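Trainee: Give the three-dimensional model of this entry:
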Amino acid sequence: MTNKIPSTYTQSELGFSSYFLSQLSLDELENLSPMRVIEVHRNKLNALGEAGFAELSLDPSTSSGDFAVGDWVLTDETHRVKRLLTPKSSMTRRAAGTNSAIQFIANNVDTLFIVTSCNADFNEARLERYLALSKEAGVDAVILLTKADLSDQVEELQRRAEALMHNLIVVPLNATDEDVSDKLAPWCGSGQTIALVGSSGVGKTTLMNSLTGESSATQGIREDDAKGRHTTTYRSMRPISGGGWVIDTPGMRALRLHDNADGITAVFDEIIQVASQCRYADCQHENEPGCAVQHAIANGELDAERLKRWRKLQREDLHNSESVAESRKREKQFSKTVNNVVRGKQSRKGH
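Mentor: Predicted coordinates:
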């Protein structure tokens, strides 16, 4: 993939801005080069800078897991990474399984394209998760309804999607149409970065092909559940024809949120506003007297199912956030114990 990328991009075209420039010292400005990470591999990073493509090496004290696609790094003349610049946005998730590790999705994204199709894949709860992720990261979100040419429910699905958050933009499209790039052009200008997220089989690879002019292989859809097979197996950043950058992500069967309280609040803002009118500050919005939320549900002003989804996301986020915090505390305690043992051995050798 990387050998298809030309080497004629300016820093501005790559997305470098005053936000990143302000982080550089005078010495770094004179002696180091900013490069943008376009792929993360086990032992190296692939990146682009004004001088073109390069494979970056890492110091022994760092690993590729410390970096995300979309990051800006400072490199020396040997293409060794010297420093990671603070991202302006960072999207992460709790790793799958019982692992409490945090996994990068993408950094320095301007707009998140949440891709879902007009079939059985359409799921409000999943869309709310992605919206909470984007709001927590401070990234604009746009929902793309793919396979619109194959559905007679497009208007209904668009209405349901738009109801998930105030001022949310929802774009129905056919990913194979020639006008896809024109429809998405407002978010794909020079130096802008978008990321595609969504389940496998919703058309992310087809969209990627339309935006980049490439022809990556796509996989079929299982007719029984409208779920697809994974096409993208790793994250990568590619140039969009006519300007901008797109980061594709593997289809995520599960997006486990953590530390997303503000993002969840932003997505379910209408419930939060009504809840502020409850008689009791600690109202659980169940059977308490004077519950404004239950009153609004009874009057048809709030959706009872949406209240359930809000509660579920709150509980999950709290659990995952506490689990991550506890894991980090145990790791710090273990590291402290190891250091004490090492110092003790060194002290005994000194005698």
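
Trainee: What are the structural domain limits within this structure?
Mentor: By the assignment in automatic domain parsing, the chain contains the domains 2-84, 90-248, 261-333.

Trainee: bridging residues for the closest residue to K44 other than its chain neighbours?
Mentor: Of all residues not flanking K44 in the chain, E55 sits nearest, at 5.4 Å (Cβ to Cβ, 6 or more residues apart in numbering). (Glycine included, C-beta is placed from N, CA and C.) Listed by DSSP bridges, the beta-bridge partners for E55 are N46.

Trainee: pLDDT score for E55?
Mentor: Looking at E55, its pLDDT reads 95.

Trainee: Just the mean pLDDT for stretch 242-251, thanks.
Mentor: In this model, stretch 242-251 has a mean pLDDT of 84.

Trainee: Give the buried residues for that stretch.
Mentor: Within stretch 242-251, the residues that qualify as buried by neighbour count (16 or more other Cβ atoms under 10 Å) are G244, W245, V246, I247, D248, T249, G251.

Trainee: again with stretch 38-55
Mentor: Of all the residues in stretch 38-55, those buried under the rule 16+ other Cβ under 10 Å are I38, E39, V40, L45, N46, A47, L48, G49, E50, F53, A54.

Trainee: which of the residues you listed lies closest to D177?
Mentor: Nearest to D177 among the buried residues of stretch 38-55: I38, at 27.2 Å, using Cβ to Cβ.

Trainee: tally of neighbours for the closest residue to N260 other than its chain neighbours?
Mentor: Excluding the flanking residues, the one nearest N260 by Cβ to Cβ, 6+ apart is E136, at 4.5 Å. Using other Cβ atoms under 10 Å, E136 is surrounded by 24 other residues.

Trainee: And the pLDDT for the spatially most central residue of the chain?
Mentor: Per Cα atoms, centre = their mean, the C-alpha nearest to the average position across the chain is that of M91, at 3.9 Å. pLDDT, M91: 94.

Trainee: Bridged to it, which residues?
Mentor: The residues that M91 bridges to, once DSSP bridges is applied, are A106.

Trainee: I'd say it and T111 touch.
Mentor: No: checked against Cβ atoms under 8 Å, the pair M91 and T111 is beyond contact range at 11.7 Å.

Trainee: where are the low-confidence patches of the stretch 1-150 of the chain?
Mentor: With pLDDT under 70 as the threshold, the stretch 1-150 of the chain has low-confidence stretches at 1-7, 96-100.

Trainee: again, only this time at 90
Mentor: Where the stretch 1-150 of the chain drops to pLDDT under 90, the residues are 1-8, 42-44, 59-63, 93-104, 119-121.

Trainee: what ranges do the helices span in it?
Mentor: Counting by DSSP state H, counting those that start in this stretch, the segments of the stretch 1-150 of the chain that form helices are 18-21, 26-31, 124-137.

Trainee: Which strands or helices does the last one pack on?
Mentor: Just to be clear, that refers to helix 124-137. The elements that helix 124-137 packs onto, with contact taken as 3 or more Cβ pairs under 8 Å, 6 or more residues apart in numbering; DSSP states H and E, are strand 90-94, strand 111-117, strand 140-146, helix 154-162, helix 261-267, helix 304-350.

Trainee: What are the contacting residues of the third one?
Mentor: Translated: strand 140-146. For strand 140-146, contacts defined as Cβ atoms under 8 Å, 6 or more residues apart in numbering pick out 110-118, 122, 127, 130-131, 134-135, 154, 157-158, 161, 164-165, 168-175, 184, 187, 202-203, 206-207.

Trainee: Equivalent analysis for the second one, please.
Mentor: Residues from elsewhere that reach strand 111-117, judged by Cβ under 8 Å, 6+ apart: 91, 122-123, 126-127, 130-131, 133-134, 137, 139-147, 161, 184, 187, 192-199, 201-204, 207, 226.
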